[in-house]
Structures are given as structure tokens and as C-alpha cells.
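In: need the 3D shape of this:
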Amino acid sequence: MNDYDALRDYLKKQHLPEFVLTFDEIEAIIDAALPRAAHRASWWDSLRSPQEKMPQREACLDGGYIATRQADGKSVKFKRIPKPR
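Out: So this is what the prediction gives:
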């Protein structure tokens, strides 16, 4: 189990097409502090360097969402990945 399995499981239970979580809320979900790198938008970007495996990105994608750090630098928007028809 990696540090972000709890985030993946949380996302799998969501039904909203998109929503925002603060870093504090994410830390409560994973029961750990996010690293300083989480304040960089690229750390969350699910579409950047897909060959570069990052546990937080994998958790979001496995949970069915694309994550984007918000401009406030303290929250992340999760947008549901459209299901193929």
C-alpha cells in the first residue's frame, strides 16, 4: 500500500463530475502531510510526463479523476475522467 491508496479509494467513492479539496483535506484523507513538492502544479498534473510514474498521479487516475492544483496553491481540483462510449 502506498501513501496515496487512501486518496484513490476516496476518489472512487465520489460521484461529482468535479470538486475541489484543500491540501488540509487531502492530508486528512491520506493521514499524512503532503510533501513541499505538492505546492507545485506539475506535481499534480496527470497529463504531464505520463511515462514518469508518480504515486499521487496514479492514485488520482486509478480513482477516476484528473487532478489540477488550483491557483491559490492550497487546493486541488479533481475532474472525472470521461468514460469511453
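
In: gap between stretch 37-44 and the chain center?
Out: In this view, stretch 37-44 has its centroid 10 Å away from the chain centroid, taken as CA atoms, centre = their mean, to the nearest Å.

In: wait, stretch 16-33
Out: In terms of CA atoms, centre = their mean, the centre of stretch 16-33 is found 8 Å from the chain centre.

In: buried ones in that stretch?
Out: Going by neighbour count (16 or more other CB atoms under 10 Å), the buried part of stretch 16-33 is 21, 23, 26, 29-30. Quick note: C-beta positions are derived from backbone N, CA and C, even for glycine.

In: what does stretch 74-82 give?
Out: Residues of stretch 74-82 classed as buried by neighbour count (16+ other CB under 10 Å): 75-76, 78-80.

In: which of those lies closest to Glu58?
Out: Using CB to CB, Phe78 comes nearest to Glu58 of those, at 14.2 Å.

In: so the closest one is in contact with Thr22, correct?
Out: No. Using CB atoms under 8 Å, Phe78 is not in contact with Thr22; the gap is 12.0 Å.

In: check which helices and strands the helix or strand bottoming out on mean pLDDT in the chain sits against.
Out: Within the chain, no helix or strand scores below helix 41-44, which has a mean of 86 by mean pLDDT, DSSP states H and E. Of the remaining helices and strands, those touching helix 41-44 by 3 or more CB pairs under 8 Å, 6 or more residues apart in numbering; DSSP states H and E are helix 55-62, strand 65-69.
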